[in-house]
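**Q** here is my input; please provide its structure:
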Amino acid sequence: MSAPASRTRRPAQERPWALVTMVAGFVVAAVCVIAVGIVSLELNPLLQ
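**A** As a prediction, the model looks like this:
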């Protein structure tokens with residue numbers, strides 16, 4: 001009956017998923033803002 005032993009919680013391997021999700025969201029938002037800024041800077045001379 002050693003099956004329940006493998007299902008015990010190990011705090012060292014747990015991840016704060018809320019923090020990971022927030023950081024991932026900020027990274028995605030920053031990448032989108034930077035990409036839009038670069039594209040707008042490249043298109044500016046073409047629009048003028």
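**Q** give me the low-pLDDT residue ranges for the protein?
**A** Across the chain, the stretches falling below the confidence threshold (pLDDT under 70) are 1-14, 46-48.
**Q** can you give me the helices for it?
**A** For the chain, the helices identified by DSSP state H occupy 17-47, in order along the chain.
**Q** mind checking how far Val39 is from Met22?
**A** In this view, Val39 and Met22 are 26 Å apart by CB to CB, to the nearest Å. Using the backbone N, CA and C atoms, a C-beta is placed for each residue, glycine as well.
**Q** next one: Ala29
**A** Taken as CB to CB, the spacing of Ala29 relative to Met22 amounts to 11 Å.
**Q** equivalent analysis for Cys32, please.
**A** Distance of Cys32 to Met22, computed by CB to CB: 16 Å.
**Q** what count of nearby residues applies to Gly37?
**A** Look at Gly37: counted by other CB atoms under 10 Å, it has 10 neighbours.
**Q** and Ile34, how far from Val27?
**A** From Ile34 over to Val27 the distance is 11 Å, taken as CB to CB.
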